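**Q** Let's see this in three dimensions:
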Amino acid sequence: MFGDKVTITFVDFALFLSTFQAHSLKTSNELKNVMMDKKLRLIFNMYDNNKDGRITKYDLVVVVHKLFSNLLDHVQIMRIVDTMMKEMDHTDSNQIMFQDFCKAFAVFDMTEMMVTWIPEYHGRTTDDLQ
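**A** Predicted coordinates:
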């Protein structure tokens, strides 16, 4: 999303965070599905290091190393990467396509993990703010 930018503006950051905006219980299932796809695409793109539309083992190594190099050694990082590839590469092609990525995340309740639900308050919801 931010490319090779060294710094980003507040507006860039706010737009990025808006992907994970809260929505109310009144939000339609269609809109929830669109928002979920958008979130999964954003996460997929974070792992797709060279932005070629697929996640390779190298892409995973880069991201996992950035996230955990201060906690894990190289062997542990490679074990995590191998497990991720095994779980998501359903075609044994040594790459993870977006569809495979989505299937892997389907076992999790992404709504609970990535969305803050805002209940109605005095008959108003966050939908009223739009």
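**Q** Pull out the buried residues from stretch 39-56.
**A** For stretch 39-56, the neighbour count (16 or more other Cβ atoms under 10 Å) marks Lys39, Leu40, Phe44, Tyr47, Asp48, Asn49, Arg54, Ile55, Thr56 as buried. All C-beta atoms are positioned from the backbone trio N, CA, C, and that covers glycine.
**Q** which residues does the nearest residue to the fifth one once chain neighbours are set aside bridge with?
**A** This means Asp48. Once flanking residues are discounted, Asp48 sits nearest to Ile55: 5.3 Å by Cβ to Cβ, 6 or more residues apart in numbering. Bridge pairing for Ile55 (DSSP bridges) gives the partners Ile96.
**Q** Kindly present the buried residues of stretch 39-56 as CSV, with separate columns for distance to Val81.
**A** Listed next are those as CSV, based on distance: Cβ to Cβ, whole Å:
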residue, distance to Val81
Lys39, 23
Leu40, 20
Phe44, 16
Tyr47, 11
Asp48, 15
Asn49, 12
Arg54, 15
Ile55, 10
Thr56, 10
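**Q** Next, format those residues as TSV and append pLDDT and distance to Glu87.
**A** Formatted as TSV, the buried residues of stretch 39-56 follow (pLDDT from 0 to 100; distance: Cβ to Cβ, whole Å):
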residue	pLDDT	distance to Glu87
Lys39	84	19
Leu40	89	15
Phe44	93	15
Tyr47	92	13
Asp48	94	17
Asn49	88	19
Arg54	96	16
Ile55	96	12
Thr56	96	15
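**Q** Just give me the closest of those residues to Phe10.
**A** Lys39 (21.4 Å; Cβ to Cβ).
**Q** before we move on, the earlier item: look up how far Asn29 lies from the residue nearest to Asp48.
**A** According to Cβ to Cβ, to the nearest Å, Ile55 and Asn29 sit 28 Å apart.
**Q** Met78 too?
**A** Met78 is 40 Å from Asn29, where distance means Cβ to Cβ.
**Q** These two: who's more crowded?
**A** With neighbours defined as other Cβ atoms under 10 Å, Met78 and Asn29 compare such that Met78 has more, 16 against 7.
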